[in-house]
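> Below are the sequence and a predicted model; questions follow.
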Amino acid sequence: IDHAKQRYPTAGDYWREKDGTLHVVVSKMADQRYELLVAIHELVEMSLVDQRGISNKAIDEFDMGIGKDLAEPGDDPRAPYHAEHMVASEIERRMAAELGVDWDKYAKAIEALDPCRADHSSPTIG
């Protein structure tokens with residue numbers, strides 16, 4: 001989707017409706033591999049939080065509350081999904097290597113979406 005249509009400043013987002021409908025949205029970027037990496041991160045993180053019973057409400061409250069001013073809310077140990085985010089980031093980084101994606105260029109593309117939330121160590125914001 002167009003980045004301006006995200007629910008909050010993030011490159012990727014997910015949530016599940018009460019009827020079970022899953023939404024995964026990724027901001028448009030120039031390189032489709034970047035979009036794929038964000039989507040993979042979101043799917044891995046979402047699968048783990050679902051498996052471990054972490055609610056979308058808890059995630060949203062953190063991301064849109066305390067985490068709203070952080071470059072990467074999931075990197076914060078206070079995030080209710082911190083461990084799950086870190087696993088997703090590891091897989092994202094491995095996939096980037098397999099796809100031949102330069103991590104620094106990828107991070108800069110993510111940063112360009114929201115320059116005020118720059119954090120080159122973990123490009124996925126969400």
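Received it, and whenever you're ready, just let me know what you need.
> got the end-to-end distance for stretch 2-22?
End-to-end distance for stretch 2-22, by C-alpha to C-alpha, to the nearest Å: 19 Å.
> avg pLDDT for that stretch?
Averaging pLDDT along stretch 2-22 gives 87.
> Which residue is the nearest non-sequential neighbour of Glu42?
Gly12 (4.3 Å; C-beta to C-beta, 6 or more residues apart in numbering). The way it works is simple: take the backbone N, C-alpha and C, and place the C-beta from them, glycine included.
> Just the C-alphas of the one helix or strand Val87 maps to, formatted as CSV.
Counting by DSSP states H and E, the element that carries Val87 is helix 82-99. Taking Å, rounded to 0.1, in the frame of the first residue of the first chain, the C-alpha atoms of helix 82-99 are listed here in CSV:
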residue,chain,number,x,y,z
HIS,A,82,10.0,-8.4,21.5
ALA,A,83,11.2,-12.0,21.3
GLU,A,84,9.0,-12.8,18.4
HIS,A,85,10.1,-9.6,16.6
MET,A,86,13.8,-10.6,17.1
VAL,A,87,13.2,-14.1,15.5
ALA,A,88,11.4,-12.4,12.6
SER,A,89,14.3,-10.0,12.2
GLU,A,90,16.8,-12.9,12.1
ILE,A,91,14.8,-14.6,9.4
GLU,A,92,14.4,-11.3,7.5
ARG,A,93,18.2,-10.8,7.6
ARG,A,94,18.9,-14.3,6.4
MET,A,95,16.4,-14.0,3.5
ALA,A,96,17.9,-10.6,2.5
ALA,A,97,21.3,-12.4,2.2
GLU,A,98,19.7,-15.2,0.1
LEU,A,99,18.0,-12.7,-2.1
